[in-house]
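Asks: would you be able to build a 3D model of this:
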Amino acid sequence: MIVIVDYNAGNLTSVKRALDFLSIPNIISPDPEKIRQAEKVIFPGVGHAGSAMDTLKARGLDEALREVFSKGTPLLGICLGTQIILSSSEETEKPCLGIIEGNCPKFDLADRSLKIPHMGWDSILLRREHPVLKGTASDDEFYFVHSFYPLPSDDADILAECEYEITFPAAIARNNLIATQFHPEKSGPAGLRILSNFAAWDGASC
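Replies: Down below sits the predicted model:
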């Protein structure tokens, strides 16, 4: 059973619908004990990093997520969930989860014709293989909507990149954690393949 973390961030139902379409058992839950006991955890979200951290702490979900990572449970972050697994974000002065060291800068683009947020379909460039990205090609397109992007301190954590004037990490991973800045649940067949791969993944890093 996959547990989708409910912390009042948007996009939870889209993830659930995608998993239901794939016939993958799942529930949405705000209960930290259900998160701790889950076979696999998806940590999605759309919203503000500071508000998200307030809700995670109020519900005890921050510690539950750290425990999930520490004990090796497969964990998938999506969009805001990807950003706040890092140490900090320029969107808030509050510390983030710190599961992976790093920061989330805001796009600061010289080309003013490029809109922020970065929104729509864009291709990614794979930097290394990963079981959850099995079958994904470097020219596959995924759906993005974000003004901030994850920047881990260790380049070895970067799985894939995307270009939007600058080259930024589109997917990161360490051990039993993989996280995407794009939305696999809104990315058609390529995104559904990622969710299907995650459901079959045992959390072992490649």
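Asks: who's in contact with Ser51?
Replies: For Ser51, the contact set (Cβ atoms under 8 Å, 6 or more residues apart in numbering) comprises Asn8. C-beta: built from backbone N, CA, C; applies to glycine.
Asks: how distant is the helix or strand encompassing it from the center of its chain?
Replies: Using DSSP states H and E, Ser51 sits in helix 49-59. The chain centre lies 16 Å from the centre of helix 49-59; the measure is Cα atoms, centre = their mean, to the nearest Å.
Asks: just the mean pLDDT for that helix, thanks.
Replies: The average pLDDT for helix 49-59 rounds to 96.
Asks: can you show me the CA trace of it as CSV?
Replies: Output of helix 49-59 as CSV, limited to C-alpha atoms (Å, rounded to 0.1, in the frame of the first residue of the first chain):
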residue,chain,number,x,y,z
ALA,A,49,7.2,26.1,1.6
GLY,A,50,6.7,28.0,4.9
SER,A,51,3.0,27.0,5.2
ALA,A,52,3.8,23.5,4.3
MET,A,53,6.5,23.2,7.0
ASP,A,54,4.1,24.6,9.6
THR,A,55,1.5,21.9,8.8
LEU,A,56,4.1,19.1,8.7
LYS,A,57,5.4,20.1,12.1
ALA,A,58,1.9,20.6,13.6
ARG,A,59,0.9,17.1,12.5
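Asks: direction included, what does the strand ranked longest in the chain pair against?
Replies: Longest strand in the chain, counting residues (DSSP state E): strand 166-174. Looking at strand 166-174 with DSSP bridges, its partner strands are strand 158-164 (antiparallel), strand 177-180 (antiparallel).
Asks: circling back: and the next helix or strand past the helix holding Ser51?
Replies: Downstream of helix 49-59, the next assigned helix or strand under DSSP H and E is helix 61-70.
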